[in-house]
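> Everything below, folded, please.
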Amino acid sequence: MNAADVMSSSPDVVSGAVVFKGTRVPVDALFEYLSAGSTLDEFLDDFPTVQRHQAEAVVSLAGDSVKRSFGTRAA
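Predicted coordinates for the structure are as follows:
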């Protein structure tokens with residue numbers, strides 16, 4: 001899965017913020033919920049336009065990005 005499958009950005013939607021594709025929900029909201037100790041289910045309950053597979057894919061993509069970043073710095 002690639003980022004464009006689950007996220008989008010347009011100047012006409014939430015001032016260009018990266019949102020879950022097909023919604024107006026900023027991806028940042030997911031990470032804010034998780035960092036505050038909320039569960040994925042709580043996030044999905046509060047943002048019913050976001051599908052579970054979208055949220056799970058975003059978390060997975062973020063994890064992959066961290067792994068790649070860390071891997072490039074380790075020598």
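> Beyond whichever strand or helix holds Glu32, next helix or strand please.
Assigned by DSSP states H and E, Glu32 belongs to helix 27-35. Scanning forward in sequence from helix 27-35 by DSSP H and E, the next helix or strand is helix 40-46.
> list the buried ones in that next one?
Buried residues in helix 40-46, counted by 16 or more other CB atoms under 10 Å: 43-44. Backbone N, C-alpha and C define where each C-beta goes, glycine included.
> just checking, what packs against that helix?
Secondary-structure packing of helix 40-46 (3 or more CB pairs under 8 Å, 6 or more residues apart in numbering; DSSP states H and E): helix 27-35, helix 52-73.
> CA-only coordinates of the shortest one in CSV, if you can.
As requested, C-alpha coordinates have been extracted for helix 27-35 and formatted as CSV (Å, rounded to 0.1, in the frame of the first residue of the first chain):
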residue,chain,number,x,y,z
VAL,A,27,-4.0,12.5,9.5
ASP,A,28,-2.4,14.4,12.4
ALA,A,29,-5.6,13.9,14.4
LEU,A,30,-4.9,10.2,14.5
PHE,A,31,-1.4,10.7,16.0
GLU,A,32,-2.7,13.3,18.4
TYR,A,33,-5.3,10.7,19.7
LEU,A,34,-2.7,8.0,20.0
SER,A,35,-0.1,10.1,21.7
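> Give me the contact list for the least confident helix or strand in the chain by mean pLDDT.
Here the helix or strand of the chain ranked lowest by mean pLDDT, DSSP states H and E is helix 52-73, holding a mean of 88. Residues from elsewhere that reach helix 52-73, judged by CB atoms under 8 Å, 6 or more residues apart in numbering: 1, 3, 5-7, 20-21, 27, 30-31, 34, 40, 43-44.
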